[in-house]
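Q: requesting a structural model of the entry that follows:
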Amino acid sequence: MATLKRGVSYLSIFRSCARVLFSCKKPAVHKLGKWTNVLYTSIASLTIGGGLCAVPFKQVENLSHDSLIRRAASLVTDSSSTFLSQTTLALIDAITEYSKAVHTLIALQRRYLASVGKLSPAEEDSIWQVIIGQRAEVSDRHDECKRFESTWVSAVKMCETAAEAAYTSGAEHASITVRTNIQVSQSQVEEAQKISVDAEKKLAETKVMEIERIAQYAASLENSDEEEVPEAYLRED
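A: Reported below is the predicted structural model:
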């Protein structure tokens, strides 16, 4: 009986506690939930921190002098290749513009030769002003080609030096890559130079045609003057 009475007493106390808990206001529950979230967050942070502390940091591999030199040589070849590509592009563009200027001059001179003796003095002077201006353009473009060509030659020499340094330091792949870039650059420049040489050849041919045409025109004027002199002389008689 005593045991039964104690059980009834415990049950009563449990029910009373339950009523008290369920009768609490909602803000109190909200505060309890807030503190619970804070507790969980703190536990999670400690867990993550403990995990990081448990994982040892990977030690940096000790690099040898040879390895560092190879890396430096690779960087030099990359920079040299970039310098070469930029100078190659600049030189090819300069040669292209020079060739265009030469072809424009050729067209102007041939148009003038086709109209020799058919133009008035004012028209002839006008077209000659255009030709002189185009010749100045050709000269400027030619000087630009020479300037970029000098820079390009320096870039090629720099790449050759970098390729040799990379090879001797053990960076064979970098050496092969930069030598390949040199060959490609030289091939592209040679193709562009062939176009400019062809334009210069046509300009020289046009110059010869101009000399011959002017000589013929001058000879025809002399012949016409010689024929007119006797007629004038006869009229005076």
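
Q: pretty sure residue 186 contacts residue 156?
A: Yes: checked against CB atoms under 8 Å, the pair residue 186 and residue 156 is within contact range at 7.2 Å. In short, each C-beta sits where N, CA and C put it, glycine included.

Q: the two: which is more packed in?
A: Neighbour count, other CB atoms under 10 Å: between residue 186 and residue 156, residue 156 has more, with 20 against 14.

Q: the helix or strand harbouring the more buried one packs against which elements?
A: Following DSSP states H and E, one finds residue 156 within helix 121-168. Packing partners of helix 121-168 (3 or more CB pairs under 8 Å, 6 or more residues apart in numbering; DSSP states H and E): helix 65-114, helix 172-236.

Q: the inter-axis angle of it versus helix 172-236?
A: Interaxial angle of helix 121-168 relative to helix 172-236 (axes from the mean of the first three to the mean of the last three CA atoms, to 10 degrees): 160 degrees.

Q: numbering from 259 from now on, please.
A: Okay, residue one is now 259; in that scheme the one you just asked about reads as helix 379-426.

Q: what angle separates helix 379-426 from helix 323-372?
A: Here the directions of helix 379-426 and helix 323-372 differ by 160 degrees (the same axes, to 10 degrees).

Q: name the spans of this protein whose pLDDT lies under the cut-off.
A: Residues of the chain meeting the criterion pLDDT under 70: 259-320, 479-495.

Q: if we use 90, what do you get?
A: Residues of the chain meeting the criterion pLDDT under 90: 259-322, 324-325, 369-386, 464-495.

Q: return the most buried member of the helices and strands packed on helix 379-426.
A: Stretch with highest mean neighbour count among the helices and strands packed on helix 379-426: helix 323-372 (a mean of 17; mean count of other CB atoms under 10 Å).

Q: helices or strands next to it in the packing?
A: Applying 3+ CB pairs under 8 Å, 6+ apart, one finds that helix 323-372 contacts helix 379-426, helix 430-494.

Q: could I get those helices as JSON lines with distance to residue 372?
A: Formatted as JSON lines, the helices and strands packed on helix 323-372 follow (distance: least, CB to CB, whole Å):
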{"stretch": "helix 379-426", "distance to residue 372": "11"}
{"stretch": "helix 430-494", "distance to residue 372": "9"}
